[in-house]
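Q: requesting a structural model of the entry that follows:
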Amino acid sequence: MQPDSPTTTNQGDGAELGPAGTEAGSGDRVILPEMEQAPAPAAPVTIVVADDHQVVRAGLRLLLEAEDGFEVVAEAGDVEGTERRVTAYHPRVLILDLNMPGGSSLPAIPRLREMAPQTQIVVLTMQNDPAFAREALRAGAIGYVLKEAADTELVQAVRLAAQGRTYLNPELGARLAAEPPRPSGPPDDLSAREVEVLKLIALGHTNGEIASSLYLSVRTVESHRAHIQQKTRRSTRADLVAYAREHDLL
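A: Numbering: from 1, shown residues only. Predicted coordinates:
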């Protein structure tokens, strides 16, 4: 009587083994565990920096690009260049200086928001008057940072802006909150355009700068100014500034 031959497994017969090592039936499948995939990295927050001083722009770029997830995609040194960069790059955040060649940046804010609705605007300025902050936020900015505090506040302001959240310099916020409510609306039958001109006059801009900002001729601005003085019964710039503040136009 011959001894039993040892059992061998044919590795080339194409048979599948079941959970216990037995041959799986023709309808069985061996399912391998899925490989866990790492989450895709978040897209960077794209930024355009607009300031008329090249040294300031270089410093801001270094500050921002030292942060994870920030990418400065372009720079601009005036209002016209800012509008071109925003239209070309559609950044997530625009850092905007208030005073640049080509006119005040304030009237440009609504235009910039219309050009690129997904771009949030953070104003970076030396103007620490709450009136400027109020006007910038009303125009469509979502952040207001003082240049003297840029090293400690700008990164936070940009992160919040990228999330659609507002940032206001704490000191200015406290001063705004402490101000009593004032009546709103155009007073003394001023037209919407006259209110725009009055605001820029009160903010210290010349007729030429106002004309450039609002795309008007200097003669038209002079005509608006004469009508404003007549309607408000104020003749000097100091009187117009006081009038604008009294009627909550700043």
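Q: regarding this structure, what is its longest helix?
A: With secondary structure taken from DSSP state H, the chain has its longest helix at helix 218-232.
Q: show residues contacting it.
A: By CB atoms under 8 Å, 6 or more residues apart in numbering, the surrounding residues in contact with helix 218-232 are 187-190, 193-194, 197-198, 201, 207-208, 210-211, 214, 216, 234-235, 239-240, 243. (Each C-beta comes from the backbone N, C-alpha and C, glycine too.)
Q: return the members of those residues classed as buried.
A: Neighbour counting with 16 or more other CB atoms under 10 Å marks 187, 190, 194, 197-198, 201, 207, 210-211, 214, 216, 234, 240, 243 as buried within the contacts of helix 218-232.
Q: from those, which two are the most distant?
A: 187 and 211 (23.8 Å; CB to CB).
Q: residue 94 touches residue 51, doesn't it?
A: No. Counting by CB atoms under 8 Å, residue 94 sits too far from residue 51 to count as a contact (11.2 Å).
Q: tell me which of those two has more neighbours.
A: Using other CB atoms under 10 Å as the criterion, residue 94 and residue 51 rank with residue 94 on top: 31 against 25.
Q: which of the helices or strands spans residue 241?
A: helix 237-246 (DSSP states H and E).
Q: after the helix or strand of the chain with the lowest mean pLDDT, next one along is what?
A: The weakest-scoring helix or strand in the chain, judged by mean pLDDT, DSSP states H and E, is strand 103-104 (a mean of 68). Downstream of strand 103-104, the next assigned helix or strand under DSSP H and E is helix 108-115.
Q: surely residue 54 and residue 61 touch.
A: No. Residue 54 is beyond contact range of residue 61, at 10.5 Å (criterion: CB under 8 Å).
Q: which one's more surrounded, those two?
A: More neighbours surround residue 61 than the other of residue 54 and residue 61, with 15 against 10 (other CB under 10 Å).
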